[in-house]
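Asks: got a sequence here, can you model it:
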Amino acid sequence: MTGEIPAPADLPGGLFFGPPEAMPDEESLVAEIPASIRSKQKLLRVLAEQLQFPAYFGYNWDALEECLRDLSWLPAGNVQIHHRDLPLPPGSPDRQTYLQILHAVTACWNEPGSRAML
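Replies: Numbering: from 1, shown residues only. Have a look, this model is predicted:
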C-alpha cells in the first residue's frame, strides 16, 4: 500500500465521518469497532468477527482488502463500519495502511449498481 490518504473533503461519498446515529439504516450490516484498538492483530480479529469473514481469512492487510472487496458471504445490503475512535497508533504505518484500504474498498463498493460500504 503506497500513497497518501486524501483529506476528508476529498474522500469518496461512501466514507462517513460522524456519529453512527446520524445515519440510521435498518438494512445495513453494522460492524462496531470499539475504542482503543492499538494493534493490527486485534483490529483484524474484530473486523473478522464483526463482518463474519470466512475461515480462510489470513489476518493480514492483503486478506482484509480482499475480504472487504468481496463480502459475498453476507446477505445483500449495505455495510457500515462504525469506529468508536480511529484504531491503531497515530502516525503509524499500520494506521495509514488501514485507512488506505478503507478508502480503496469504499470507492470500489460505491460504484453505481453495487452495495455501499459506509
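Asks: find the centremost residue of the protein, please.
Replies: Leu102 (4.8 Å; C-alpha atoms, centre = their mean).
Asks: any idea which helix or strand in this structure has the lowest mean pLDDT?
Replies: Ranked by mean pLDDT, DSSP states H and E, the weakest helix or strand in the chain is strand 79-83, scoring a mean of 87.
Asks: tell me the predicted confidence for the residue nearest to the centre of the chain.
Replies: For Leu102, the model assigns a pLDDT of 93.
Asks: just confirm Arg69 is within a helix.
Replies: Yes. Assessed by DSSP: H, G, I helix; E, B strand; the rest coil, Arg69 belongs to a helix.
Asks: contacts only, for it.
Replies: Val105, Cys108, Trp109 (C-beta atoms under 8 Å, 6 or more residues apart in numbering). Any C-beta I mention is one placed from the backbone N, CA and C, and that applies to glycine too.
Asks: of these, which count as buried by neighbour count?
Replies: Buried members of the contacts of Arg69, scored by 16 or more other C-beta atoms under 10 Å, are Val105, Trp109.
Asks: in helices, which of the contacts of Arg69 appear?
Replies: Of these, the ones assigned to helices by DSSP state H are Val105, Cys108, Trp109.
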